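In: fold the following, please.
(chains A, B, C and D)
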Protein chains: 2
Amino acid sequence: MGKDLSYKDKKVITIGVVRDLTGLSERQIRYYEERKLIFPERSPGGSRKYSFADVELLMDIANKIEDGLQTHEIRKEMLREEKKQNQEDVRRKMIQGQLNAQFGIRKRQ
Amino acid sequence: MGKDLSYKDKKVITIGVVRDLTGLSERQIRYYEERKLIFPERSPGGSRKYSFADVELLMDIANKIEDGLQTHEIRKEMLREEKKQNQEDVRRKMIQGQLNAQFGIRKRQ
DNA sequence: CGTGTAAGGAATTCTGACACG
DNA sequence: CGTGTAAGGAATTCTGACACG
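Out: You can find the predicted model right below:
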């Protein structure tokens, strides 16, 4: 429980570095946030912080934009995938619950 | 050949985030660099960029300082470990070379 | 719709130095 | 030796707006 996120998911990268890593403009990066495609954290002072996972997501988004998709379509795609992922999680947890009920609680290390 | 570094080794984190991640002061972080214990990259504008590996290294350094070690002792320790690591690498590569000579070049995927 | 840009301000980082010890 | 701090400046980031289309 409460496992600390791996490097990939830690939000530690500022927008300038993300710009360099992705090749996108800061304007584009902020705009995709405005359109609810990406969700950086904020420093106490208000600076955006991104993870490596965010960087990869941004490159996916950029590809889809190039393919002519609009941001709201990309958003719908993402929500669909998220939903599917949640369903898989639920199924996995239900099976785990069954196993625990049968054989007792055993924490995986 | 030329494999791109994993997340752990990419220098993308600014000093403020490193401060928050390690609990060290910016002064301390810069000082350990001055003492050649840590080697951040620089942005075009001159800002330091650290990797997650650097963050972990800084926490090791902090522990050793607390144990009363001086920076130059810590540096010697690190150089010793680095040397040992290099020797291991050489040995590994020599063995690989032998195998290639015997059985031909085969790239590991 | 998606992106560029100029504007003004605030947060962030930098260096070199003085201080304590 | 290791660290804190005030100082001044430069790089970085922020927001809201106008522009094009």
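In: what about the residue in chain A that DNA strand D sits nearest to, how many residues close to it?
Out: Chain A approaches DNA strand D most closely through A:Gly16 (2.4 Å), counting by Cβ to the nearest atom of the strand. Yep, even glycine has a C-beta here, placed from its N, CA and C like the rest. When neighbours are defined as other Cβ atoms under 10 Å in any protein chain shown, A:Gly16 has 17 of them.
In: do stretch A:71-90 and DNA strand C come into contact?
Out: Yes: Stretch A:71-90 comes into contact with DNA strand C (Cβ under 7 Å from any atom of the strand), by way of A:71-72.
In: what's that stretch in contact with?
Out: Identification of contacts with stretch A:71-90 by Cβ atoms under 8 Å, 6 or more residues apart in numbering or on different chains yields A:31-32, A:35-37, A:61, A:64-65, A:69.
In: before we move on, the earlier item: pLDDT at the residue of chain A closest to DNA strand D, what is it?
Out: pLDDT, A:Gly16: 98.
In: tell me which element it falls in.
Out: When elements are assigned from DSSP states H and E, A:Gly16 belongs to helix A:15-22.
In: let's see whatever helix or strand comes next after that helix as PDB, backbone CA atoms only.
Out: The C-terminal neighbour of helix A:15-22 among helices and strands, as given by DSSP H and E, is helix A:26-34. As requested, the backbone C-alpha atoms of helix A:26-34 are provided in PDB (Å, rounded to 0.1, in the frame of the first residue of the first chain):
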ATOM      1  CA  GLU A  26       5.700  26.100 -24.200                       C
ATOM      2  CA  ARG A  27       2.500  27.500 -25.700                       C
ATOM      3  CA  GLN A  28       1.600  24.100 -27.000                       C
ATOM      4  CA  ILE A  29       2.300  22.400 -23.700                       C
ATOM      5  CA  ARG A  30       0.200  24.800 -21.800                       C
ATOM      6  CA  TYR A  31      -2.600  24.700 -24.300                       C
ATOM      7  CA  TYR A  32      -2.800  20.900 -24.000                       C
ATOM      8  CA  GLU A  33      -3.200  21.300 -20.300                       C
ATOM      9  CA  GLU A  34      -6.000  23.900 -20.900                       C
END
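In: what's the closest non-adjacent residue to the closest residue to chain B within chain A?
Out: Nearest residue of chain A to chain B (Cβ to the nearest Cβ) works out as A:Tyr7 at 4.3 Å. Leaving aside its sequence neighbours, A:Tyr7 sits nearest to B:Tyr7 (Cβ to Cβ, 6 or more residues apart in numbering or on different chains; 4.3 Å).
In: may I see the PyMOL selection of the buried members of the contacts of stretch A:71-90?
Out: Buried residues among the contacts of stretch A:71-90 (16 or more other Cβ atoms under 10 Å in any protein chain shown), as a PyMOL selection:
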select buried, chain A and resi 32+37+61+64+65
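In: make a markdown table out of the contacts of stretch A:71-90 and add distance to DNA strand C and pLDDT.
Out: Below are the contacts of stretch A:71-90 laid out as a markdown table (distance: Cβ to the nearest atom of the strand, whole Å; pLDDT from 0 to 100):
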| residue | distance to DNA strand C | pLDDT |
| --- | --- | --- |
| A:Tyr31 | 4 | 98 |
| A:Tyr32 | 7 | 98 |
| A:Arg35 | 6 | 98 |
| A:Lys36 | 11 | 98 |
| A:Leu37 | 10 | 98 |
| A:Ile61 | 8 | 98 |
| A:Lys64 | 9 | 98 |
| A:Ile65 | 5 | 97 |
| A:Leu69 | 7 | 97 |
